[in-house]
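**Q** no FASTA, just this:
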């Protein structure tokens, strides 16, 4: 079960809010939503030996079942009788839970707001209409079993006047070469895989996590007007170049080859304290490195 005060599904341009209130458009018992994530084990056995030995384990995707009821008697009016409301909601629910279209499920709990990217396993199964109420059930599946906190955490290492612009701005010529060391806490029980943003710099920056032994290093210097995002999530592992425009920044190229061969793309923050060090940083207008992430929890 998941402890929820509010549940919102967004997909295919449709937003549905589930509520436990009697006045709800869509009623659901939010204290009894089934959610499950199972282990996938690497088990091996030898001939003539009873039992097995587990060498490693991973998590499957998250599976959720939502039982809800459209309360058409809370929505009907003289211009929109209950039968019409129910007919409209059938179509809306089928469109909202189209298995071909990914969606976002957001839960609001005592500890904050979290989201899960998921798909419907099938269109909803509808029950028998009774007294203007239409019950339905839908199963959702998420490839990533972790709920992510809606608020994104962000930490800058180095100077932090990121969005200032000066006519004479020349990255890498504004200050001395620095080594920056700082402790970053991971207060969750799970590894955090951040997006690491390398800003313009006169040198080729190196980011190390001294606690885990992981590092990220670029083999190319970033010039003014660009930055590089390294998404360390194992499901992504992308390195993307962004270019400054009049409207902001726009994605331009996949530059995975800009990471050195001895970099460790599965760069993560382990639970607890992490000692991070940036080498070859240059004091200037931009920060040297920015880390961005969403805290994760299993929530089962």
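**A** Okay, I see it. What you see is a predicted model, and the numbers here were worked out from it, not measured in a lab. Residues are numbered from 1 along each chain as shown.
**Q** any chance you could map the helices in this structure?
**A** Using DSSP state H, the helices found in the chain span residues 82-96.
**Q** in it, which helix or strand is least confident?
**A** Least confident element among the helices and strands of the chain, by mean pLDDT, DSSP states H and E: strand 177-186 (a mean of 79).
**Q** Need the contact partners of that strand.
**A** Identification of contacts with strand 177-186 by CB atoms under 8 Å, 6 or more residues apart in numbering yields 155, 157-158, 192, 203, 269-283, 288, 291. Yep, even glycine has a C-beta here, placed from its N, CA and C like the rest.
**Q** quick one: strands adjacent to that strand?
**A** Using DSSP bridges, the strands paired with strand 177-186 in its sheet are strand 272-282 (antiparallel).
**Q** Now do the same for the strand it pairs with: mean pLDDT, whole number.
**A** For strand 272-282, mean pLDDT rounds to 86.
**Q** Give the bridge partners for the closest residue to residue 126 other than its chain neighbours, please.
**A** Using CB to CB, 6 or more residues apart in numbering and skipping residues adjacent in sequence, the residue nearest residue 126 is residue 136, 4.9 Å away. Beta-bridge pairing of residue 136 under DSSP bridges involves residue 68, residue 126.
**Q** State the distance from residue 136 to residue 181.
**A** Applying CB to CB, to the nearest Å, the value for residue 136 to residue 181 is 55 Å.
**Q** With neighbour numbers in mind, choose between the two.
**A** residue 136 (20 against 13; other CB atoms under 10 Å).
**Q** what distance separates stretch 240-258 from the centre of its chain?
**A** Averaged C-alpha coordinates place stretch 240-258 at 21 Å from its chain's average position (CA atoms, centre = their mean, to the nearest Å).
**Q** Can you measure across that stretch, start residue to end residue?
**A** Stretch 240-258 has an end-to-end distance of 10 Å (CA to CA, to the nearest Å).
**Q** buried set for that stretch?
**A** Residues of stretch 240-258 classed as buried: 240, 241, 242, 255, 258 (neighbour count, 16 or more other CB atoms under 10 Å).
**Q** now this structure, which segments are flagged as low pLDDT?
**A** Scanning the chain for pLDDT under 70 picks out 1-4, 76-79, 159-179, 281-285, 300.
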